[in-house]
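Trainee: Quick one: sequence and predicted model below, then my questions.
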Amino acid sequence: MRSLFRSLGLIALAALGLAQAADAAVLAPVNPNATAGAKQLYTYLQNLGGQGILSGQLSMLNEATNDTTTHERYQLSKNGGKMPAIYASNFGDWPMDYQDSIIRTIKHKWTKSGGKLVVMLCWHTVQPDAPEDSGYAAMSRFSSTSPYPAAKIDSILKPGTALNLEHMKRLTVAGRYLKSLDSAGIPVIWRPYHENNGAFFWWGQQPRFKELWQQMYGYYTDSLKLNNLLWTYSMCWFGEGDRWIDSLYPGHKYVDILGADIYAGSYGQDYQPWIYGTLLSKAEGRPIGITENGTMPDVAKLKYTQPKWAFFCTWWGYEVDTMWKNAYYHPGGYTLQNSDALYASVYGDPYTITRDEIDFGIAPDSHVFLSTGVSPTGSGRVTVSPDSNGRYSKGQPLVLTAVPADGWVFTGWQGDTSGTVNPLALTLNFDKSIRAGFAAQKGTNLLLNGKFSDSLTGWGFSAWETGAAATAVVEGADSALHVNVTGTGPDPWGIQLTQGLLLDSGTTYSLSYDVHGAAKAVLTCAVGESSGKYRKLFSQTDTLASAAVRTVTGTFVDTLPSSSALRLEFSIGAQKGDIYLDNIKVARISGSDLPSGIAASAFRSGGLGANLRGALLTWNVPTALTTAATLRVLDAQGRELSRSPVAAGTRSGSVELAGQGLRLVVLESAQGSMRAVVPALR
């Protein structure tokens, strides 16, 4: 079901901008001429949400046409002999005869399964001004400090230029293979230009990325008549507050599925709620998937916390332990990504769908789903009443309450609703992702787990550059983080400790941390962009002169665009030795006690208590009102049931009401308004 809606479906208050919602039909593929197989698969992915998650495995290169590929055979030995539901592979960055093998393998598997197979293909392609067999280096920007020139993108998009003709030729070659699958009646989850929000592929973060996508879509759909494709827009893992999806998304006219590539356990990535919530809101009913993963998701947890993921797909090589390792990604030796215990858990969970369990005729789930979260992480929590692990019957009335942590104030709702009413009453007729936004008071630590009292929760730790090697362990009575650097690479940022930050432009912040370690150990601390140009707001490098603990302090002003995703990073890959970090803090020190515009919503966010027993509604506030006020009670349709004056100095009162059920109670005065919801007879 679509989550695109015109209302929250309950309280029709003009102040909240709400109207009655209407059911929407299952979405059709964006290509109006989509094949019957593509339509069937697309309906299946939509109906599946909340009932199960498709398992997937990527196998590529020139694997022979047979019943199982090398990677699948290894996986089968660990998951109880179950074949993954999705066979995925990859076009580009190697000789074209490999593509022939991929197509033969897909056709063989499709025939053997009787069509009970889901196929996903992505497209790595080298820069049009590089030879086709240049390999990965010619498609990525790892070896360059500057992005692929925007002028070259302009040329690719301009018909008749040398770059345009070369790019279209390569599109044609890949299109012929896809046409072969189309002719065989095989639908494909087609994933071109993936991880476009990253800074590492030539198409990444390009101002005209939308046009690049639309160029391919138009050529494949209108000229080559490829009707078996489900167009899948997949990002790489992104930090909290990252808004690349808004500037790069090609539009609903060109996208069927949205996804994210998540290498949990690597480089500080994880299956964070903001990734799920952002994609769910942006998709507006379209399926969402984990288009690549390293470590598989914890399905036993995910089926309750993030139930609308339609599939996951383990990238090639990440299903193994000792049979594959790569010096670039794993310089210190291979790190086990998927243990035998995790395989048993994931594939043993009934929620995980394997190839033999594919049922294209599955009926849509009669339930609707609610995903809640907070922004920034650790700034508060959201309670839901009644709480049913995010799974509800359609039409279920709910009350959401934003509860700020110490030092934070509620600022409003984000995602599939907005406004500052708290508690918030709504009727869940559609899948929704709703987050509570909070703002920090001056002096509040913006970092999660700055004292490492909860191990490395909230932090990302990576030692990924060639030659770099380190271990990070939280130890000692004061929970300090101990990093033992045993191998260094050419750059200090080869080993890093990071955490995302949400800051306000033009605001001044303080930074402090305690550090000690081996003499001559080198530590660089910086605050800046987490992708793109990696511009810095603050950077300081220290060489530790002794093992004595010292406190480092500094200040900086956020001068970067508000759309920039920021992070705090400690780079420690320049010198071998031991480093200890503790008491890390970033706090706002400029501006009023609350950021601009927060004071009124803070008053609105709470303080009013209400209770309904029979026909008597009682209410109270924490402190006596300093001015006269008006108490209004409204029903679920926004109709006023009662209005009564409240004198200054009053702290509580009561009013007789007819009937039972949901009530919105509003106390208005010159100070602002406070609201409470009485969800049912108590």
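Mentor: Everything's here; your move.

Trainee: rest of the way, CA atoms for contacts and neighbours
Mentor: Noted.

Trainee: Residue nearest the middle of the chain, spatially speaking?
Mentor: What sits nearest the mean C-alpha location of the chain, by CA atoms, centre = their mean, is Ile275, with 0.9 Å.

Trainee: Lowest average confidence across helices and strands of this structure, where is it?
Mentor: Lowest mean confidence among the helices and strands of the chain (mean pLDDT, DSSP states H and E): helix 598-604, at a mean of 36.

Trainee: and the helix or strand just after that helix, average pLDDT?
Mentor: Following helix 598-604 in sequence order, the next helix or strand is strand 609-613 (DSSP states H and E). For strand 609-613, the mean per-residue pLDDT is 70.

Trainee: again, but for stretch 473-485
Mentor: Computed over stretch 473-485, the average pLDDT equals 85.

Trainee: First-to-last residue distance for that stretch?
Mentor: The first and last residues of stretch 473-485 sit 12 Å apart, counting by CA to CA, to the nearest Å.

Trainee: Repeat that for stretch 70-85.
Mentor: Note: stretch 70-85 ends 16 Å apart using CA to CA.

Trainee: same thing with stretch 497-512?
Mentor: Note: stretch 497-512 ends 15 Å apart using CA to CA.

Trainee: And that stretch, what's buried?
Mentor: Within stretch 497-512, the residues scored as buried using 16 or more other CA atoms under 10 Å are 497-504, 508-512.

Trainee: Tell me which of those fall in strands.
Mentor: Counting by DSSP state E, those place Leu497, Thr498, Gln499, Gly500, Leu501, Thr508, Tyr509, Ser510, Leu511, Ser512 in strands.

Trainee: which one's the longest strand in this structure?
Mentor: When the chain is parsed with DSSP E, its longest strand is strand 577-588.

Trainee: Pro350: what's it in contact with?
Mentor: Contacts for Pro350 (CA atoms under 8 Å, 6 or more residues apart in numbering) come out as Gly52.

Trainee: now swap in Phe238 and tell me
Mentor: Phe238 neighbours (CA under 8 Å, 6+ apart): Ile275.

Trainee: any idea how far it is from Asn47?
Mentor: 27 Å.

Trainee: Report the secondary structure element holding the closest residue to Lys109 other than its chain neighbours.
Mentor: Once flanking residues are discounted, Lys109 sits nearest to Asp67: 6.5 Å by CA to CA, 6 or more residues apart in numbering. According to DSSP H and E, Asp67 maps onto no helix or strand at all.

Trainee: what's around Asp67, how many residues?
Mentor: 12 (other CA atoms under 10 Å).

Trainee: does it really touch Thr111, like I thought?
Mentor: No - judged on CA atoms under 8 Å, Asp67 makes no contact with Thr111 at a distance of 10.5 Å.

Trainee: Run a quick neighbour tally on Asp478.
Mentor: Using other CA under 10 Å, Asp478 is surrounded by 12 other residues.

Trainee: can you pull out the helices in the stretch 51-200 of the chain?
Mentor: 70-76, 96-113, 150-157, 162-183 (DSSP state H, counting those that start in this stretch).

Trainee: do the same with the stretch 201-350 of the chain
Mentor: 209-218, 244-248, 273-283, 299-305, 340-348.

Trainee: Report the mean per-residue pLDDT for the first one.
Mentor: To tie it back to what came earlier, the one meant is helix 209-218. For helix 209-218, the per-residue pLDDT averages 98.

Trainee: contact partners of it?
Mentor: Residues contacting helix 209-218 (CA under 8 Å, 6+ apart): Leu157, Leu171, Tyr193, Trp203, Leu248, Tyr249, Pro250, Tyr254.

Trainee: Let me know the closest of the residues you listed to Asp387.
Mentor: Nearest to Asp387 among the contacts of helix 209-218: Tyr249, at 33.6 Å, using CA to CA.

Trainee: Just the element for Gly528, please.
Mentor: Judged by DSSP H and E, Gly528 forms part of strand 522-529.

Trainee: Packing partners of that strand?
Mentor: Applying 3 or more CA pairs under 8 Å, 6 or more residues apart in numbering; DSSP states H and E, one finds that strand 522-529 contacts strand 536-543, strand 566-571.

Trainee: Ok, which of these comes nearest Thr427?
Mentor: If we rank the helices and strands packed on strand 522-529 by CA to CA, the stretch that ends up nearest is strand 566-571, at 35.6 Å.

Trainee: circling back: could you find which two of the ones in strands among the buried residues of stretch 497-512 are furthest from each other?
Mentor: Leu497 and Thr508 (22.9 Å).

Trainee: Wait, Ala439 touches Ala405, no?
Mentor: No - counting by CA under 8 Å, Ala439 does not reach Ala405; the two are 10.1 Å apart.

Trainee: could the contacts of helix 209-218 be laid out in JSON lines, adding neighbour count?
Mentor: Converted to JSON lines, those look like this (neighbours: other CA atoms under 10 Å):
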{"residue": "Leu157", "neighbour count": "19"}
{"residue": "Leu171", "neighbour count": "16"}
{"residue": "Tyr193", "neighbour count": "22"}
{"residue": "Trp203", "neighbour count": "29"}
{"residue": "Leu248", "neighbour count": "21"}
{"residue": "Tyr249", "neighbour count": "20"}
{"residue": "Pro250", "neighbour count": "18"}
{"residue": "Tyr254", "neighbour count": "20"}
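
Trainee: closest to Thr553 among the residues you listed?
Mentor: Of those, the one sitting nearest to Thr553 (CA to CA) turns out to be Leu248, at 37.4 Å.

Trainee: For the closest one, give me the pLDDT.
Mentor: pLDDT, read off for Leu248, is 94.

Trainee: I'd say it and His194 touch.
Mentor: No - look at Leu248 against His194 with CA under 8 Å: they stay out of range, at 11.6 Å.

Trainee: helices and strands around the longest strand of the chain, which ones?
Mentor: strand 480-487, strand 508-517.

Trainee: So what touches the last one?
Mentor: By CA under 8 Å, 6+ apart, the residues outside strand 508-517 that reach it are 544, 546-558, 577-590.

Trainee: Identify the residue nearest His516 in space, chain neighbours excluded?
Mentor: Nearest residue to His516, sequence neighbours excluded (CA to CA, 6+ apart): Val549, at 4.7 Å.

Trainee: Wait, Thr420 touches Gly412, no?
Mentor: Yes - applying CA under 8 Å as the test, Thr420 and Gly412 come out as touching, 4.3 Å apart.

Trainee: Run through the residues that contact the residue of the chain positioned farthest from its centre.
Mentor: For the chain, the residue at maximal distance from the C-alpha centroid (CA atoms, centre = their mean) is Ala647, at 48.4 Å. Ala647 sits next to Leu625, Thr627, Ala628, Ala629 when contact means CA under 8 Å, 6+ apart.

Trainee: A strand includes Ser371, no?
Mentor: Yes - when DSSP: H, G, I helix; E, B strand; the rest coil is applied, Ser371 is found to be in a strand.

Trainee: I am finished for the moment; much appreciated.
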